[in-house]
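Asker: here you go, sequence then predicted model.
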Amino acid sequence: AAGVIQSPRHLIKEKRETATLKCYPIPRHDTVYWYQQGPGQDPQFLISFYEKMQSDKGSIPDRFSAQQFSDYHSELNMSSLELGDSALYFCASSKRTGGGYGYTFGSGTRLTVV
Amino acid sequence: GEDVEQSLFLSVREGDSSVINCTYTDSSSTYLYWYKQEPGAGLQLLTYIFSNMDMKQDQRLTVLLNKKDKHLSLRIADTQTGDSAIYFCAESMKYSGGGADGLTFGKGTHLIIQP
């Protein structure tokens, strides 16, 4: 079965650089979510999109922005990177009309800021 | 606000049952999930339960929900070495449109299997 695809798997950036992470949801899923998981931490919800509109907002820094495109893929843009942004970034997708069913995570992008 | 609590560690012998517990504070929680995370890997959805259910069973996994006490548990029968991982409990409120939204995770329980 198709899963949530994230790219790249690994990314190394320098401080103050910009990074873009991509997420391709499971086909027919209409909602994408972004999470940040620091080392040894639990995942923290950043932001979500439903039908290309921002749906819910968590602890996303102002330096980060995200959008969902017409093909339902989503991109997380991160600017002015700081050392503390080093983390695993997960995307998840679900079908909203299905409630909580199928809330599935991708394998994540490991971002290292040096 | 929302808060999800879990014990940090659980040690069990191979072949025994593991019971991982979770408490949450938000009575509006509608969906409750269990995820498994192996070292350096992603979050694998194990199972989920709606708040109007008491129990859900799926092969070796049994989820029990006590909504009155806001207590959720995951029982893994016949625990194997491959079950060694971090188990996260997560909750979500029902979005007005009918779906789940951003999850709130507990800190995760490290399940350690003894031979």
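Answerer: Great, that's in hand.
Asker: can I assume A:L11 is in contact with A:R110?
Answerer: Yes - using C-beta atoms under 8 Å, A:L11 is in contact with A:R110, at 7.1 Å. All C-beta atoms are positioned from the backbone trio N, CA, C, and that covers glycine.
Asker: need the helix or strand of chain B with the lowest average pLDDT.
Answerer: The weakest-scoring helix or strand in chain B, judged by mean pLDDT, DSSP states H and E, is strand B:29-37 (a mean of 87).
Asker: buried set for stretch B:48-58?
Answerer: Within stretch B:48-58, the residues scored as buried using 16 or more other C-beta atoms under 10 Å in any protein chain shown are B:48-49, B:51.
Asker: dump the residues you listed into TSV; add pLDDT as well.
Answerer: Output for those, formatted as TSV (pLDDT from 0 to 100):
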residue	pLDDT
B:Y48	88
B:I49	88
B:S51	83
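Asker: could you list which of those also contact chain A?
Answerer: Restricting the buried residues of stretch B:48-58 to those adjacent to chain A (criterion: C-beta under 8 Å from any C-beta of the partner chain) gives B:Y48.
Asker: now the helix-or-strand element of chain A with minimal mean pLDDT, how far from the chain's geometric center?
Answerer: The weakest-scoring helix or strand in chain A, judged by mean pLDDT, DSSP H and E, is strand A:53-57 (a mean of 87). Put simply, strand A:53-57 sits 13 Å off its chain's centre (C-alpha atoms, centre = their mean, to the nearest Å).
Asker: list the helices and strands whichever helix or strand comes after that strand packs on?
Answerer: Where DSSP states H and E defines the elements, the next helix or strand beyond strand A:53-57 is strand A:64-68. Counting contacts by 3 or more C-beta pairs under 8 Å, 6 or more residues apart in numbering or on different chains; DSSP states H and E, strand A:64-68 packs against strand A:44-50, strand A:74-78.
Asker: for A:Y35, give its distance to chain B.
Answerer: Separation of A:Y35 from chain B (C-beta to the nearest C-beta, to the nearest Å): 8 Å.
Asker: and that residue, what are its bridge partners?
Answerer: A:F45, A:F90 (DSSP bridges).
Asker: helices or strands up against the least confident helix or strand of chain B?
Answerer: strand B:18-24, strand B:43-50, strand B:61-66, strand B:71-76, strand B:85-93.
Asker: give the pairing partners of the second one; include direction for each.
Answerer: Within its sheet, and counting by DSSP bridges, strand B:43-50 is paired with strand B:29-37 (antiparallel).
Asker: cool, and the first one?
Answerer: The strands that strand B:18-24 pairs with in its sheet are strand B:4-6 (antiparallel), strand B:71-76 (antiparallel) (by DSSP bridges).
Asker: format the helices and strands packed on strand B:29-37 as CSV; extra columns: distance to A:F64.
Answerer: Shown next, in CSV, are the helices and strands packed on strand B:29-37 (distance: least, C-beta to C-beta, whole Å):
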stretch, distance to A:F64
strand B:18-24, 27
strand B:43-50, 20
strand B:61-66, 34
strand B:71-76, 31
strand B:85-93, 21
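Asker: nearest to A:Q44, of the ones you listed?
Answerer: A:Q44 lies closest to strand B:85-93 among those, at 11.4 Å (C-beta to C-beta).
Asker: any chance you could list what contacts the very next helix or strand once past that closest one?
Answerer: Next along the chain after strand B:85-93, taking DSSP H and E as the criterion, comes strand B:104-105. By C-beta atoms under 8 Å, 6 or more residues apart in numbering or on different chains, the residues outside strand B:104-105 that reach it are A:42-45, B:2-4, B:24, B:26, B:35, B:88-92.
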